[in-house]
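Peer 1: everything below, folded, please.
(chains A and B)
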Amino acid sequence: MPKVKLPRKSTNIDMTAMCDVAFLLLTFFMLATKFKPDEPVVVKTPSSISEIPLPDNDIMMITVDPKGRVFFSIDNKNMRKSLIENIDEYKKLGLSEQEKNMFAIGSSIGVPFGQLKSFLAAPPDQQKQFEQSAPGVPTDTTVNSDANELAAWIRSARNTNPKLRIVIKADESATYPEVKKVIHTLEGWKIFKFNLLTNLKAVPPGTAAYELQQGGKKES
Amino acid sequence: MAEMDTSSSGGHKKGPGVKKGKKLSTRVDLTPMVDLGFLLITFFMYTTTMAKPKTMEINMPYKDENIPPDKQSKVKESTAMTILLSKDHRVYYYEGIGSDPTNPPQLQVTYFKNKGGIRDAIINKKKKVEDMQRQGALTATDKATFLIKPDDNSTYDDLVNILDEMSINDVKVYAIVDITPVDKEFIMKTEQANGIQ
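Peer 2: A predicted model of the protein is given here:
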């Protein structure tokens, strides 16, 4: 029987096509990526059917974590700089220029004014640990009390940037009294319109909102 | 392709004395480059946040201590429904605003459910108000009004859920109100009656 001779093929594959695809995907992901800002705490937001996207800039974010600690942040670096100068002047914290810069490049704040100076003086890696055990920004139901430091932050932030939109990002397991304090503080400053950060969930069929949505789709 | 045609296929011929340079292959091994490419893809895929977070807009009722009591908007007992949020995601609701101490409201207990939960109660209330409008008992400007009173042991999840129910059922008039001691007592009594700890 004659032996069938298999032609020996080269194991070299042309990688070019694969390389093209890889870099195409890479480019896509690089352009589509927007890095998550550093969050001191993990917050799981509840879901709602609302589809209003979070605005890109001019946001004042008030975070409430599961334990009820309140963190405060605004987005723009320049705004942060003027905010800390405003706060420094208002509360007479005696911050140095370096500490102010540290605030400007940092993320959210979750310490009382009494600890703010030592917090900002610490190097960034220690700041993270600091925030883990931080008590959060003290809040109260009345806006005028000295204990309500969140009120002072909001006041100064709105002085530096009146266009700020207020977003409350609270964990779904945060108890209502903690959220109530934040809402009451906002009400105290005559802010009655604000946003709650939520995840998107589908509209349940057969409800009024579902019909509205379907009706809207038919028209367009 | 990755290789280039380096053979001079033109008619140019070198003279006999010219030494031929050794031709090196221009084929490059692309494997490490692909490896690197996929590594970076994986990195960006993990770090990327595709879905933009959504927000829910909320308008609180305008509150000012300087408004005299007679100028404040009053809620009609017949159009109103009070929803109390309690612990373990329980929802209590009753018709009216519970302002009549001699005739305490009958509290109903329910949960957030797609069927047979608080949603049905809201839809029923809306229907009832619409019926009353048709019969002429209420004017067209009277709308079903929901008072949301979260108890201290309710969570933020409950609050968002009930606000969501409002938008799901297309409720126009609702307000978040602080819970009163009277309402707390209602909850306590109902819990005792039902043997809930």
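
Peer 1: pretty sure B:Ser78 sits against B:Gln135.
Peer 2: No: contact criterion Cβ atoms under 8 Å: B:Ser78 and B:Gln135 do not qualify, at 11.6 Å. To be clear about C-beta, it is placed using only N, CA and C from the backbone, and glycine gets the same treatment.

Peer 1: comparing the two, which residue is more hemmed in?
Peer 2: Higher neighbour count among B:Ser78 and B:Gln135: B:Ser78, with 15 against 8, using other Cβ atoms under 10 Å in any protein chain shown.

Peer 1: for that one, what are its contacts?
Peer 2: The contact partners of B:Ser78, taken as Cβ atoms under 8 Å, 6 or more residues apart in numbering or on different chains, are B:96, B:129, B:132, B:137-138.

Peer 1: of those residues, which is the most crowded?
Peer 2: B:Val129 leads the contacts of B:Ser78 on contacts (other Cβ under 10 Å) with 21 neighbours.

Peer 1: A:Leu31 - how many residues pack around it?
Peer 2: Burial of A:Leu31 is recorded as 9 neighbouring residues (other Cβ under 10 Å).

Peer 1: what average pLDDT does the lengthiest helix in chain A get?
Peer 2: Secondary structure of chain A per DSSP state H: the longest helix is helix A:16-32. Averaging pLDDT along helix A:16-32 gives 87.

Peer 1: only alpha carbons, please: show that helix as PDB.
Peer 2: Provided in PDB are the C-alpha atoms of helix A:16-32 (Å, rounded to 0.1, in the frame of the first residue of the first chain):
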ATOM      1  CA  THR A  16      -1.700  40.700  10.800                       C
ATOM      2  CA  ALA A  17      -5.500  40.400  10.700                       C
ATOM      3  CA  MET A  18      -5.700  39.400  14.400                       C
ATOM      4  CA  CYS A  19      -3.500  42.300  15.200                       C
ATOM      5  CA  ASP A  20      -5.700  44.700  13.300                       C
ATOM      6  CA  VAL A  21      -8.800  43.500  15.200                       C
ATOM      7  CA  ALA A  22      -7.000  43.800  18.600                       C
ATOM      8  CA  PHE A  23      -5.900  47.300  18.000                       C
ATOM      9  CA  LEU A  24      -9.300  48.300  16.600                       C
ATOM     10  CA  LEU A  25     -10.900  47.100  19.800                       C
ATOM     11  CA  LEU A  26      -8.200  48.700  21.900                       C
ATOM     12  CA  THR A  27      -8.800  52.100  20.200                       C
ATOM     13  CA  PHE A  28     -12.500  51.800  20.800                       C
ATOM     14  CA  PHE A  29     -12.100  51.000  24.500                       C
ATOM     15  CA  MET A  30      -9.500  53.700  25.000                       C
ATOM     16  CA  LEU A  31     -11.800  56.300  23.500                       C
ATOM     17  CA  ALA A  32     -14.900  55.100  25.300                       C
END
